[in-house]
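[1] just a sequence and a predicted model for now, questions to come.
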Number of protein chains: 2
Amino acid sequence: MESRCENCIIRQFNSLRAMNKEELKKVADSKITMSVKKGEAIFKEGDKLDGVFCVRDGVSKLSKLSANGKDQIVKLASKGQIMGQRSVISEETTNLSAVAVNDMQVCFIPKESITHTLHANPNFAIEVLRHMAHDLKEADDVIVNMSQKTVKQRIAEAFLYLQKNYGEDQEGFLTLILSREDIANVVGTATESCIRIISEFKKKGFLKTSGKKIGVTNQKKLLDLVEGF
Amino acid sequence: MESRCENCIIRQFNSLRAMNKEELKKVADSKITMSVKKGEAIFKEGDKLDGVFCVRDGVSKLSKLSANGKDQIVKLASKGQIMGQRSVISEETTNLSAVAVNDMQVCFIPKESITHTLHANPNFAIEVLRHMAHDLKEADDVIVNMSQKTVKQRIAEAFLYLQKNYGEDQEGFLTLILSREDIANVVGTATESCIRIISEFKKKGFLKTSGKKIGVTNQKKLLDLVEGF
DNA sequence: AAATAAACCTGACAAATATCATAGTTTCTG
DNA sequence: CAGAAACTATGATATTTGTCAGGTTTATTT
(Lines give C-alpha, C1' and ligand atoms only; values in the text may rest on other atoms or scores of the structure.)
Protein backbone atom coordinates (compact mmCIF):
# COMPACT_ATOMS: atom_id res chain seq x y z
CA MET A 1 0.00 0.00 0.00
CA GLU A 2 1.57 3.25 -1.15
CA SER A 3 0.00 5.24 1.59
CA ARG A 4 2.74 7.37 3.11
CA CYS A 5 1.58 10.96 3.14
CA GLU A 6 5.16 12.05 2.57
CA ASN A 7 4.95 10.56 -0.92
CA CYS A 8 1.36 11.49 -1.65
CA ILE A 9 1.14 13.97 -4.48
CA ILE A 10 -2.35 14.95 -3.47
CA ARG A 11 -1.03 16.89 -0.55
CA GLN A 12 0.57 19.44 -2.86
CA PHE A 13 -2.90 20.75 -3.52
CA ASN A 14 -3.90 21.47 0.06
CA SER A 15 -2.64 22.99 3.26
CA LEU A 16 -0.80 19.83 4.25
CA ARG A 17 2.02 20.93 2.00
CA ALA A 18 3.03 23.42 4.69
CA MET A 19 3.77 20.58 7.10
CA ASN A 20 7.35 19.53 7.68
CA LYS A 21 8.62 15.97 7.33
CA GLU A 22 8.16 15.07 10.93
CA GLU A 23 4.63 16.38 11.07
CA LEU A 24 3.74 14.55 7.91
CA LYS A 25 5.12 11.36 9.33
CA LYS A 26 2.80 11.69 12.29
CA VAL A 27 -0.13 12.25 10.02
CA ALA A 28 0.82 9.24 7.93
CA ASP A 29 1.01 7.06 11.03
CA SER A 30 -2.35 8.13 12.39
CA LYS A 31 -4.40 8.47 9.23
CA ILE A 32 -6.85 5.89 7.97
CA THR A 33 -7.46 5.38 4.27
CA MET A 34 -10.97 4.32 3.37
CA SER A 35 -13.12 3.71 0.32
CA VAL A 36 -16.58 5.16 0.08
CA LYS A 37 -19.15 3.86 -2.37
CA LYS A 38 -21.21 6.19 -4.49
CA GLY A 39 -24.14 7.49 -2.49
CA GLU A 40 -22.65 6.70 0.90
CA ALA A 41 -22.25 9.42 3.50
CA ILE A 42 -18.84 10.34 4.87
CA PHE A 43 -20.36 12.47 7.59
CA LYS A 44 -23.70 14.05 8.33
CA GLU A 45 -24.82 17.51 9.32
CA GLY A 46 -24.59 17.77 13.10
CA ASP A 47 -21.88 15.13 13.49
CA LYS A 48 -18.99 15.89 15.75
CA LEU A 49 -15.89 15.27 13.67
CA ASP A 50 -12.77 13.81 15.25
CA GLY A 51 -10.67 14.70 12.29
CA VAL A 52 -10.64 15.86 8.71
CA PHE A 53 -11.04 13.98 5.46
CA CYS A 54 -8.61 14.37 2.60
CA VAL A 55 -10.04 13.38 -0.76
CA ARG A 56 -7.69 11.11 -2.73
CA ASP A 57 -10.07 10.15 -5.47
CA GLY A 58 -13.67 10.74 -6.47
CA VAL A 59 -15.98 13.61 -5.68
CA SER A 60 -18.13 14.43 -2.68
CA LYS A 61 -21.04 16.82 -2.40
CA LEU A 62 -21.21 18.98 0.71
CA SER A 63 -24.79 19.85 1.41
CA LYS A 64 -27.12 21.23 4.02
CA LEU A 65 -30.69 20.23 4.61
CA SER A 66 -33.18 23.09 4.56
CA ALA A 67 -36.37 23.35 6.59
CA ASN A 68 -38.52 22.32 3.63
CA GLY A 69 -36.64 19.06 3.27
CA LYS A 70 -34.50 19.99 0.29
CA ASP A 71 -30.76 19.55 0.16
CA GLN A 72 -28.72 22.54 -0.85
CA ILE A 73 -25.33 21.56 -2.23
CA VAL A 74 -22.90 24.21 -1.04
CA LYS A 75 -19.69 22.84 -2.50
CA LEU A 76 -18.17 19.92 -4.38
CA ALA A 77 -14.93 18.50 -3.03
CA SER A 78 -12.53 16.52 -5.19
CA LYS A 79 -8.95 15.31 -5.29
CA GLY A 80 -6.76 17.13 -2.81
CA GLN A 81 -9.49 18.95 -0.99
CA ILE A 82 -9.94 18.66 2.72
CA MET A 83 -13.38 18.30 4.25
CA GLY A 84 -14.39 18.98 7.81
CA GLN A 85 -11.62 21.47 8.47
CA ARG A 86 -13.98 24.24 9.47
CA SER A 87 -15.71 22.11 12.01
CA VAL A 88 -12.49 20.79 13.57
CA ILE A 89 -11.04 24.28 13.89
CA SER A 90 -14.08 25.86 15.48
CA GLU A 91 -14.67 22.75 17.56
CA GLU A 92 -18.33 22.72 16.64
CA THR A 93 -20.46 20.04 15.07
CA THR A 94 -20.31 20.20 11.30
CA ASN A 95 -22.91 22.22 9.46
CA LEU A 96 -22.72 20.18 6.28
CA SER A 97 -23.19 16.60 5.15
CA ALA A 98 -20.69 14.94 2.85
CA VAL A 99 -21.99 12.30 0.43
CA ALA A 100 -19.99 10.55 -2.28
CA VAL A 101 -21.07 11.46 -5.81
CA ASN A 102 -19.07 8.55 -7.18
CA ASP A 103 -16.79 5.92 -5.69
CA MET A 104 -14.18 7.59 -3.54
CA GLN A 105 -10.93 7.10 -1.70
CA VAL A 106 -10.51 9.35 1.31
CA CYS A 107 -8.00 9.58 4.13
CA PHE A 108 -9.24 10.29 7.60
CA ILE A 109 -6.76 12.37 9.58
CA PRO A 110 -7.37 12.53 13.34
CA LYS A 111 -7.73 16.07 14.57
CA GLU A 112 -4.85 15.81 17.01
CA SER A 113 -2.24 15.90 14.26
CA ILE A 114 -4.00 18.90 12.78
CA THR A 115 -4.49 20.94 15.94
CA HIS A 116 -1.03 20.15 17.17
CA THR A 117 0.61 21.34 13.99
CA LEU A 118 -1.64 24.37 13.99
CA HIS A 119 -0.10 25.43 17.30
CA ALA A 120 3.44 24.41 16.51
CA ASN A 121 3.90 25.48 12.91
CA PRO A 122 2.76 29.01 12.05
CA ASN A 123 3.28 28.36 8.35
CA PHE A 124 0.75 25.61 8.48
CA ALA A 125 -1.75 27.79 10.31
CA ILE A 126 -1.30 30.51 7.74
CA GLU A 127 -1.68 28.06 4.89
CA VAL A 128 -4.95 26.81 6.37
CA LEU A 129 -6.00 30.40 6.85
CA ARG A 130 -5.34 31.16 3.21
CA HIS A 131 -7.48 28.26 2.11
CA MET A 132 -10.27 29.29 4.41
CA ALA A 133 -10.06 32.87 3.17
CA HIS A 134 -10.40 31.59 -0.34
CA ASP A 135 -13.42 29.46 0.55
CA LEU A 136 -15.01 32.45 2.22
CA LYS A 137 -14.59 34.57 -0.87
CA GLU A 138 -16.14 31.86 -2.98
CA ALA A 139 -19.03 31.61 -0.56
CA ASP A 140 -19.65 35.35 -0.91
CA ASP A 141 -19.76 34.93 -4.66
CA VAL A 142 -22.26 32.13 -4.35
CA ILE A 143 -24.49 34.29 -2.17
CA VAL A 144 -24.52 37.03 -4.77
CA ASN A 145 -25.18 34.58 -7.59
CA MET A 146 -28.02 32.96 -5.70
CA SER A 147 -29.83 36.18 -5.08
CA GLN A 148 -29.09 38.12 -8.22
CA LYS A 149 -29.02 35.59 -11.05
CA THR A 150 -31.91 33.73 -12.59
CA VAL A 151 -32.19 29.96 -12.41
CA LYS A 152 -31.32 29.78 -16.10
CA GLN A 153 -28.12 31.75 -15.55
CA ARG A 154 -27.16 29.66 -12.56
CA ILE A 155 -27.65 26.43 -14.48
CA ALA A 156 -25.58 27.73 -17.38
CA GLU A 157 -22.90 28.71 -14.89
CA ALA A 158 -22.99 25.30 -13.23
CA PHE A 159 -22.25 23.54 -16.51
CA LEU A 160 -19.38 25.86 -17.30
CA TYR A 161 -18.06 25.20 -13.82
CA LEU A 162 -18.28 21.45 -14.26
CA GLN A 163 -16.57 21.70 -17.62
CA LYS A 164 -13.76 23.86 -16.31
CA ASN A 165 -13.13 22.01 -13.07
CA TYR A 166 -13.75 18.40 -14.00
CA GLY A 167 -13.19 18.36 -17.75
CA GLU A 168 -14.81 16.30 -20.47
CA ASP A 169 -14.23 12.94 -22.19
CA GLN A 170 -13.22 12.33 -25.80
CA GLU A 171 -16.79 12.71 -27.00
CA GLY A 172 -17.20 16.01 -25.22
CA PHE A 173 -19.33 14.85 -22.31
CA LEU A 174 -18.66 16.19 -18.84
CA THR A 175 -16.47 13.87 -16.81
CA LEU A 176 -18.34 14.45 -13.59
CA ILE A 177 -21.81 13.00 -13.92
CA LEU A 178 -24.41 14.54 -11.66
CA SER A 179 -28.08 13.66 -11.60
CA ARG A 180 -30.55 16.35 -12.59
CA GLU A 181 -31.60 16.46 -8.98
CA ASP A 182 -28.04 17.12 -7.83
CA ILE A 183 -27.66 19.90 -10.36
CA ALA A 184 -30.94 21.37 -9.14
CA ASN A 185 -29.62 21.20 -5.59
CA VAL A 186 -26.41 22.96 -6.53
CA VAL A 187 -28.32 25.70 -8.25
CA GLY A 188 -31.09 25.87 -5.68
CA THR A 189 -34.14 25.16 -7.78
CA ALA A 190 -36.78 22.49 -8.28
CA THR A 191 -35.69 19.36 -10.13
CA GLU A 192 -38.41 19.85 -12.73
CA SER A 193 -37.29 23.39 -13.45
CA CYS A 194 -33.75 22.15 -13.86
CA ILE A 195 -34.79 19.42 -16.30
CA ARG A 196 -36.90 21.87 -18.25
CA ILE A 197 -34.03 24.29 -18.67
CA ILE A 198 -31.62 21.54 -19.67
CA SER A 199 -34.13 20.52 -22.36
CA GLU A 200 -34.33 24.10 -23.51
CA PHE A 201 -30.54 24.39 -23.69
CA LYS A 202 -30.48 21.15 -25.68
CA LYS A 203 -33.00 22.48 -28.18
CA LYS A 204 -30.99 25.67 -28.54
CA GLY A 205 -27.81 23.69 -29.12
CA PHE A 206 -25.98 24.77 -25.97
CA LEU A 207 -25.88 21.26 -24.53
CA LYS A 208 -26.09 17.67 -25.69
CA THR A 209 -27.09 14.65 -23.64
CA SER A 210 -26.77 10.90 -23.82
CA GLY A 211 -28.41 9.14 -20.93
CA LYS A 212 -27.14 10.79 -17.80
CA LYS A 213 -24.17 12.23 -19.63
CA ILE A 214 -24.30 15.89 -20.52
CA GLY A 215 -21.92 17.83 -22.72
CA VAL A 216 -21.39 21.51 -23.44
CA THR A 217 -21.72 22.22 -27.15
CA ASN A 218 -21.75 26.01 -27.13
CA GLN A 219 -19.62 27.46 -24.40
CA LYS A 220 -19.86 30.98 -25.77
CA LYS A 221 -23.64 31.08 -25.69
CA LEU A 222 -23.74 29.75 -22.15
CA LEU A 223 -21.24 32.38 -21.10
CA ASP A 224 -23.28 35.13 -22.76
CA LEU A 225 -26.31 33.93 -20.89
CA VAL A 226 -24.48 34.05 -17.56
CA GLU A 227 -23.26 37.56 -18.31
CA GLY A 228 -26.79 38.64 -18.99
CA PHE A 229 -27.14 38.84 -22.78
CA MET B 1 -7.43 60.70 23.03
CA GLU B 2 -7.97 57.40 24.78
CA SER B 3 -6.74 55.43 21.87
CA ARG B 4 -4.30 52.85 23.18
CA CYS B 5 -5.36 49.45 21.90
CA GLU B 6 -4.11 47.91 25.14
CA ASN B 7 -6.96 49.65 26.93
CA CYS B 8 -9.57 49.27 24.23
CA ILE B 9 -12.41 47.03 25.34
CA ILE B 10 -13.52 46.49 21.79
CA ARG B 11 -10.63 44.18 21.18
CA GLN B 12 -12.08 41.61 23.55
CA PHE B 13 -14.61 40.82 20.86
CA ASN B 14 -12.21 40.01 18.07
CA SER B 15 -9.05 38.11 17.31
CA LEU B 16 -6.82 40.92 18.60
CA ARG B 17 -7.41 39.60 22.08
CA ALA B 18 -4.94 36.81 21.30
CA MET B 19 -2.15 39.34 20.86
CA ASN B 20 0.33 39.83 23.66
CA LYS B 21 1.17 43.21 25.20
CA GLU B 22 4.09 43.90 22.95
CA GLU B 23 2.20 43.10 19.80
CA LEU B 24 -0.68 45.26 20.89
CA LYS B 25 1.67 48.11 21.56
CA LYS B 26 2.92 47.89 18.00
CA VAL B 27 -0.64 47.91 16.69
CA ALA B 28 -1.48 50.90 18.86
CA ASP B 29 1.51 52.79 17.52
CA SER B 30 0.77 52.13 13.90
CA LYS B 31 -3.01 52.29 13.82
CA ILE B 32 -5.00 55.27 12.66
CA THR B 33 -8.37 56.12 14.16
CA MET B 34 -10.82 57.71 11.78
CA SER B 35 -14.44 58.82 11.65
CA VAL B 36 -16.62 57.89 8.75
CA LYS B 37 -19.87 59.70 8.01
CA LYS B 38 -23.05 57.82 7.21
CA GLY B 39 -23.06 56.82 3.57
CA GLU B 40 -19.33 57.14 3.09
CA ALA B 41 -17.28 54.23 1.80
CA ILE B 42 -14.46 52.75 3.85
CA PHE B 43 -13.24 50.67 0.95
CA LYS B 44 -14.57 49.52 -2.38
CA GLU B 45 -14.75 46.19 -4.15
CA GLY B 46 -11.50 45.64 -6.00
CA ASP B 47 -9.39 47.84 -3.70
CA LYS B 48 -6.09 46.54 -2.55
CA LEU B 49 -6.14 46.85 1.23
CA ASP B 50 -2.99 47.74 3.13
CA GLY B 51 -4.52 46.77 6.42
CA VAL B 52 -7.68 45.87 8.26
CA PHE B 53 -10.38 48.02 9.81
CA CYS B 54 -11.58 47.50 13.34
CA VAL B 55 -15.03 48.91 14.00
CA ARG B 56 -15.16 50.94 17.22
CA ASP B 57 -18.58 52.43 16.76
CA GLY B 58 -21.38 52.41 14.22
CA VAL B 59 -22.31 49.83 11.62
CA SER B 60 -21.01 49.13 8.15
CA LYS B 61 -22.59 47.16 5.35
CA LEU B 62 -20.36 44.84 3.36
CA SER B 63 -21.74 44.43 -0.10
CA LYS B 64 -20.93 43.21 -3.56
CA LEU B 65 -22.16 44.64 -6.81
CA SER B 66 -23.88 42.15 -9.10
CA ALA B 67 -23.82 42.17 -12.89
CA ASN B 68 -27.31 43.71 -13.08
CA GLY B 69 -26.21 46.69 -11.02
CA LYS B 70 -27.75 45.71 -7.72
CA ASP B 71 -25.85 45.64 -4.47
CA GLN B 72 -26.04 42.48 -2.43
CA ILE B 73 -25.31 43.06 1.23
CA VAL B 74 -23.40 40.03 2.43
CA LYS B 75 -22.78 41.04 6.01
CA LEU B 76 -23.19 43.82 8.55
CA ALA B 77 -20.17 44.68 10.68
CA SER B 78 -20.50 46.43 14.02
CA LYS B 79 -18.55 47.15 17.19
CA GLY B 80 -15.53 44.90 17.55
CA GLN B 81 -15.68 43.35 14.13
CA ILE B 82 -12.74 43.44 11.80
CA MET B 83 -13.19 44.16 8.13
CA GLY B 84 -10.81 43.38 5.33
CA GLN B 85 -9.14 40.49 7.11
CA ARG B 86 -9.89 38.01 4.36
CA SER B 87 -8.37 40.17 1.70
CA VAL B 88 -5.21 40.92 3.70
CA ILE B 89 -4.64 37.25 4.46
CA SER B 90 -5.09 36.00 0.94
CA GLU B 91 -3.22 39.02 -0.43
CA GLU B 92 -5.90 39.64 -3.01
CA THR B 93 -7.98 42.69 -3.74
CA THR B 94 -11.10 42.76 -1.62
CA ASN B 95 -14.28 41.26 -3.00
CA LEU B 96 -16.58 43.47 -0.97
CA SER B 97 -17.32 47.15 -0.47
CA ALA B 98 -17.74 48.61 3.01
CA VAL B 99 -20.10 51.56 3.42
CA ALA B 100 -21.12 53.20 6.69
CA VAL B 101 -24.78 52.68 7.59
CA ASN B 102 -24.51 55.37 10.25
CA ASP B 103 -21.71 57.56 11.58
CA MET B 104 -18.76 55.40 12.49
CA GLN B 105 -15.45 55.30 14.29
CA VAL B 106 -12.99 52.81 12.86
CA CYS B 107 -9.34 52.04 13.43
CA PHE B 108 -7.15 51.26 10.48
CA ILE B 109 -4.46 48.73 11.35
CA PRO B 110 -1.63 48.39 8.80
CA LYS B 111 -1.26 44.87 7.57
CA GLU B 112 2.35 44.54 8.71
CA SER B 113 1.38 44.28 12.37
CA ILE B 114 -1.19 41.66 11.42
CA THR B 115 0.93 39.50 9.16
CA HIS B 116 3.90 39.71 11.49
CA THR B 117 1.89 38.52 14.47
CA LEU B 118 0.31 35.84 12.33
CA HIS B 119 3.75 34.34 11.78
CA ALA B 120 5.05 34.92 15.27
CA ASN B 121 2.13 34.08 17.50
CA PRO B 122 0.32 30.82 16.70
CA ASN B 123 -2.43 31.64 19.17
CA PHE B 124 -3.27 34.72 17.19
CA ALA B 125 -3.32 32.76 13.93
CA ILE B 126 -5.63 30.21 15.48
CA GLU B 127 -7.89 32.88 16.85
CA VAL B 128 -8.17 34.46 13.41
CA LEU B 129 -8.79 31.02 11.98
CA ARG B 130 -11.63 30.46 14.42
CA HIS B 131 -13.27 33.70 13.43
CA MET B 132 -12.92 32.90 9.77
CA ALA B 133 -14.34 29.42 10.32
CA HIS B 134 -17.32 31.00 11.99
CA ASP B 135 -17.83 33.44 9.14
CA LEU B 136 -17.66 30.58 6.69
CA LYS B 137 -20.34 28.66 8.53
CA GLU B 138 -22.55 31.72 8.55
CA ALA B 139 -21.98 32.18 4.84
CA ASP B 140 -23.11 28.60 4.23
CA ASP B 141 -26.28 29.31 6.16
CA VAL B 142 -26.94 32.39 4.10
CA ILE B 143 -26.54 30.39 0.90
CA VAL B 144 -29.12 27.89 2.04
CA ASN B 145 -31.52 30.60 3.15
CA MET B 146 -31.17 32.44 -0.11
CA SER B 147 -32.02 29.47 -2.21
CA GLN B 148 -34.55 27.66 -0.07
CA LYS B 149 -36.56 30.36 1.67
CA THR B 150 -39.11 32.69 0.19
CA VAL B 151 -38.61 36.43 0.18
CA LYS B 152 -41.23 36.72 2.90
CA GLN B 153 -39.36 34.29 5.12
CA ARG B 154 -36.06 36.01 4.50
CA ILE B 155 -37.50 39.39 5.41
CA ALA B 156 -39.03 38.01 8.59
CA GLU B 157 -35.67 36.50 9.43
CA ALA B 158 -33.88 39.77 8.76
CA PHE B 159 -36.01 41.60 11.30
CA LEU B 160 -35.48 38.94 13.92
CA TYR B 161 -31.77 39.18 13.22
CA LEU B 162 -31.75 42.94 13.61
CA GLN B 163 -33.74 42.67 16.82
CA LYS B 164 -31.45 40.05 18.28
CA ASN B 165 -28.15 41.58 17.25
CA TYR B 166 -28.78 45.29 17.54
CA GLY B 167 -31.62 45.47 20.02
CA GLU B 168 -34.49 47.92 20.30
CA ASP B 169 -35.20 51.25 22.01
CA GLN B 170 -37.67 51.93 24.83
CA GLU B 171 -40.58 52.15 22.44
CA GLY B 172 -39.71 48.84 20.86
CA PHE B 173 -38.23 50.11 17.63
CA LEU B 174 -35.13 48.48 16.20
CA THR B 175 -31.97 50.34 17.16
CA LEU B 176 -30.31 49.84 13.82
CA ILE B 177 -32.20 51.78 11.20
CA LEU B 178 -31.85 50.50 7.67
CA SER B 179 -33.60 51.88 4.62
CA ARG B 180 -36.08 49.65 2.84
CA GLU B 181 -33.59 49.46 0.02
CA ASP B 182 -30.85 48.21 2.33
CA ILE B 183 -33.17 45.59 3.76
CA ALA B 184 -34.04 44.52 0.23
CA ASN B 185 -30.33 44.26 -0.54
CA VAL B 186 -29.69 42.13 2.51
CA VAL B 187 -32.50 39.81 1.60
CA GLY B 188 -31.79 39.85 -2.11
CA THR B 189 -35.06 41.13 -3.49
CA ALA B 190 -36.52 44.18 -5.23
CA THR B 191 -37.08 47.25 -3.06
CA GLU B 192 -40.77 47.32 -4.00
CA SER B 193 -41.26 43.71 -2.97
CA CYS B 194 -39.58 44.46 0.33
CA ILE B 195 -41.82 47.47 0.99
CA ARG B 196 -44.89 45.47 0.04
CA ILE B 197 -44.07 42.70 2.46
CA ILE B 198 -43.29 45.13 5.28
CA SER B 199 -46.73 46.67 4.69
CA GLU B 200 -48.28 43.24 4.82
CA PHE B 201 -46.50 42.42 8.07
CA LYS B 202 -47.72 45.74 9.48
CA LYS B 203 -51.33 44.93 8.56
CA LYS B 204 -50.98 41.52 10.16
CA GLY B 205 -49.56 43.07 13.31
CA PHE B 206 -46.10 41.53 13.09
CA LEU B 207 -44.38 44.88 12.73
CA LYS B 208 -44.98 48.54 13.50
CA THR B 209 -43.39 51.53 11.84
CA SER B 210 -42.86 55.19 12.57
CA GLY B 211 -41.07 57.01 9.82
CA LYS B 212 -37.97 55.02 9.04
CA LYS B 213 -38.14 53.24 12.37
CA ILE B 214 -39.44 49.71 12.39
CA GLY B 215 -40.33 47.57 15.39
CA VAL B 216 -41.14 43.92 15.88
CA THR B 217 -44.54 43.50 17.52
CA ASN B 218 -45.05 39.78 17.15
CA GLN B 219 -41.82 37.87 17.37
CA LYS B 220 -43.56 34.50 17.58
CA LYS B 221 -45.47 34.95 14.35
CA LEU B 222 -42.37 36.05 12.51
CA LEU B 223 -40.54 33.02 13.81
CA ASP B 224 -43.37 30.71 12.74
CA LEU B 225 -43.20 32.21 9.29
CA VAL B 226 -39.47 31.62 9.04
CA GLU B 227 -39.92 28.03 10.17
CA GLY B 228 -42.48 27.51 7.45
CA PHE B 229 -45.88 27.65 9.14
C1' DA C 1 -40.74 78.28 4.05
C1' DA C 2 -40.35 76.93 -0.66
C1' DA C 3 -37.93 73.95 -3.66
C1' DT C 4 -35.83 69.83 -4.49
C1' DA C 5 -34.47 65.39 -3.73
C1' DA C 6 -34.82 61.12 -1.63
C1' DA C 7 -37.32 57.63 0.32
C1' DC C 8 -41.57 55.21 0.72
C1' DC C 9 -45.88 53.21 -1.01
C1' DT C 10 -49.43 50.96 -4.11
C1' DG C 11 -51.60 49.12 -8.27
C1' DA C 12 -51.40 46.68 -12.58
C1' DC C 13 -49.18 43.65 -15.13
C1' DA C 14 -45.53 40.44 -16.83
C1' DA C 15 -42.13 37.11 -16.11
C1' DA C 16 -40.03 33.51 -13.58
C1' DT C 17 -40.46 29.60 -10.94
C1' DA C 18 -42.77 25.98 -8.17
C1' DT C 19 -46.05 22.43 -7.85
C1' DC C 20 -48.86 18.62 -9.24
C1' DA C 21 -49.88 15.08 -12.30
C1' DT C 22 -48.60 11.68 -15.43
C1' DA C 23 -45.84 9.09 -18.56
C1' DG C 24 -41.65 7.50 -20.69
C1' DT C 25 -36.66 5.81 -19.83
C1' DT C 26 -32.92 4.09 -17.83
C1' DT C 27 -30.71 1.46 -14.29
C1' DC C 28 -30.64 -1.83 -10.82
C1' DT C 29 -31.61 -6.23 -8.70
C1' DG C 30 -33.07 -10.74 -7.78
C1' DC D 1 -34.72 -11.29 -18.23
C1' DA D 2 -38.65 -9.49 -15.63
C1' DG D 3 -40.07 -6.32 -12.46
C1' DA D 4 -39.10 -2.66 -9.46
C1' DA D 5 -37.12 1.50 -8.49
C1' DA D 6 -35.10 5.56 -9.65
C1' DC D 7 -34.52 9.02 -12.84
C1' DT D 8 -35.94 11.93 -16.75
C1' DA D 9 -39.37 14.40 -19.25
C1' DT D 10 -43.38 17.43 -20.26
C1' DG D 11 -47.94 19.67 -19.74
C1' DA D 12 -51.13 22.38 -17.01
C1' DT D 13 -51.66 25.43 -13.50
C1' DA D 14 -50.79 28.23 -9.35
C1' DT D 15 -47.75 31.10 -6.85
C1' DT D 16 -44.15 34.11 -6.23
C1' DT D 17 -41.59 37.81 -7.51
C1' DG D 18 -40.01 41.57 -10.54
C1' DT D 19 -40.95 45.63 -13.29
C1' DC D 20 -43.04 49.81 -14.61
C1' DA D 21 -45.61 53.71 -13.58
C1' DG D 22 -47.53 56.76 -10.82
C1' DG D 23 -48.36 58.59 -6.44
C1' DT D 24 -47.38 60.36 -1.38
C1' DT D 25 -44.67 61.32 2.33
C1' DT D 26 -40.37 62.63 4.56
C1' DA D 27 -35.89 64.72 4.57
C1' DT D 28 -32.56 68.05 2.87
C1' DT D 29 -31.12 72.22 0.84
C1' DT D 30 -31.47 76.97 -0.47
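    Right, received. Where do you want to start?
[2] quick one: residues contacting the closest residue in space to residue A:137 that isn't next to it in sequence.
    Leaving out its chain neighbours, the residue that sits closest to residue A:137 by Cβ to Cβ, 6 or more residues apart in numbering or on different chains is residue B:95, at 5.2 Å. C-betas here are computed from N, CA, C, even on glycine. Residues near residue B:95 by Cβ atoms under 8 Å, 6 or more residues apart in numbering or on different chains: A:137, A:140-141, B:45, B:64, B:86-87.
[3] farthest-separated two in the residues you listed?
    Spatially, the most separated pair among the contacts of residue B:95 is A:141 and B:87, at 13.8 Å (Cβ to Cβ).
[4] which one of the two has more residues nearby?
    When residue A:141 and residue B:87 are compared for neighbours, residue B:87 comes out ahead with 21 against 13, by other Cβ atoms under 10 Å in any protein chain shown.
[5] now that one, nearest residue through space, not along the chain?
    Spatial nearest neighbour of residue B:87, chain neighbours left out: residue B:94 (3.9 Å); criterion: Cβ to Cβ, 6+ apart.
[6] can you classify that neighbour by secondary structure?
    Three-state assignment for residue B:94 (DSSP: H, G, I helix; E, B strand; the rest coil): coil.
[7] pretty sure it is touching residue B:43, no?
    Yes - using Cβ atoms under 8 Å, residue B:94 is in contact with residue B:43, at 6.1 Å.
[8] report the next helix or strand after the strand or helix carrying residue A:115 in sequence order.
    Assigned by DSSP states H and E, residue A:115 belongs to helix A:111-120. Going down the chain from helix A:111-120, the next helix or strand is helix A:122-148, by DSSP H and E.
[9] what packs against the helix or strand just after that following helix?
    Per DSSP H and E, helix A:122-148 leads on to helix A:151-166 as the next helix or strand towards the C-terminus. With contacts taken as 3 or more Cβ pairs under 8 Å, 6 or more residues apart in numbering or on different chains; DSSP states H and E, helix A:151-166 sits against helix A:122-148, helix A:180-187, helix A:191-203, strand A:213-216, helix A:219-227.
[10] go ahead and report the secondary structure state at residue A:56.
    strand.
[11] look at residue A:1 and report its pLDDT.
    pLDDT, residue A:1: 51.
[12] tally of neighbours for residue A:22?
    Residue A:22 has 11 neighbours, counted by other Cβ under 10 Å.
[13] now do residue A:42
    Residue A:42 has 22 neighbouring residues, counting by other Cβ under 10 Å.
[14] in the sheet, who's paired with the closest residue to residue A:30 other than its chain neighbours?
    Nearest residue to residue A:30, sequence neighbours excluded (Cβ to Cβ, 6+ apart): residue A:110, at 5.0 Å. For residue A:110, the beta-bridge partners under DSSP bridges are residue A:51.
[15] OK, contacts around the closest residue to residue A:40 other than its chain neighbours?
    Closest residue to residue A:40 apart from its sequence neighbours, by Cβ to Cβ, 6+ apart: residue A:100 at 5.3 Å. Neighbouring residues of residue A:100 by Cβ under 8 Å, 6+ apart: A:36-42, A:58-60.
[16] for residue A:100, list each beta-bridge partner.
    Beta bridges link residue A:100 to residue A:60 when assigned by DSSP bridges.
[17] nice, that's everything, thank you.
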